[in-house]
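Trainee: what follows is a predicted protein model with its sequence.
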Amino acid sequence: MAHPFVHIEIPAEDTRAAGKFYADVFGWEVQTDPNFDYTMFQAEGGPGGGFVGVHQSTDGGMVQYKVDSPLLYIGTDDIEASLAQVEAHGGKTVLPKTEIPGIGWFAIFTDPSGNHMALFTNLPRA
C-alpha cells in the first residue's frame, strides 16, 4: 500500500456550521451521519474527512481536538505493523488500534517532532 492520506478531521466549535462554510466556499459535499452525529465532507480530487468538536477527545481522552490542529489519517493495511514502524523510528503510539463499529479501525501516534497523526484501515469488503 502507498499509505496515502485517506481522511482529515478538522476541529471546530460548531461542526455543522464548519461544514456549511466549506460547502459554501469550496463546493464540498457535506452531510451529517445521524448515527454518529458526525458531519463529513468530500472534497473533489482529495481525501474526505469530517469536522470534530473542539475539546472533544478520542477514546480514553488520549487526544483532545483543538483549533489549529487538524488530524490527518494515513491509510494502511496493517495498523499494528505500521505502529511498530512508527515506534522503531522514534514515534510513539498514543491510541492503539481501536474499532470504529461497521467502518474499520484507527490508531493515533506522534511522530518524533510531536505531531499527532492517525492510521486507518477499512473493514474488509464482502
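Mentor: Now that the structure is in, tell me what you want to look at.
Trainee: would you tell me which helix is longest in the chain?
Mentor: Counting by DSSP state H, the longest helix found in the chain is helix 15-26.
Trainee: any stretches of this structure with poor pLDDT?
Mentor: 1, 58-62, 126 (pLDDT under 70).
Trainee: where exactly do the strands run in it?
Mentor: Secondary structure of the chain by DSSP state E: the strands cover 5-12, 29-33, 38-42, 48-53, 71-75, 92-100, 104-110, 116-122.
Trainee: if we can go back for a sec, C-alpha coordinates for the longest helix of the chain, CSV please?
Mentor: C-alpha atoms of helix 15-26 as CSV (Å, rounded to 0.1, in the frame of the first residue of the first chain):
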residue,chain,number,x,y,z
THR,A,15,-19.2,21.3,13.3
ARG,A,16,-22.4,21.8,11.3
ALA,A,17,-21.5,25.5,10.7
ALA,A,18,-18.0,24.5,9.7
GLY,A,19,-19.4,22.0,7.2
LYS,A,20,-21.7,24.7,5.8
PHE,A,21,-18.7,27.1,5.5
TYR,A,22,-16.6,24.7,3.5
ALA,A,23,-19.6,23.6,1.3
ASP,A,24,-20.4,27.3,0.5
VAL,A,25,-16.8,28.4,-0.1
PHE,A,26,-15.4,25.3,-1.9
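Trainee: quick check: buried residues in that helix?
Mentor: Neighbour counts over helix 15-26 (16 or more other Cβ atoms under 10 Å) mark 15, 18, 19, 22 as buried. Any C-beta I mention is one placed from the backbone N, CA and C, and that applies to glycine too.
Trainee: quick one: it to strand 48-53, angle?
Mentor: 140 degrees (axes from the mean of the first three to the mean of the last three Cα atoms, to 10 degrees).
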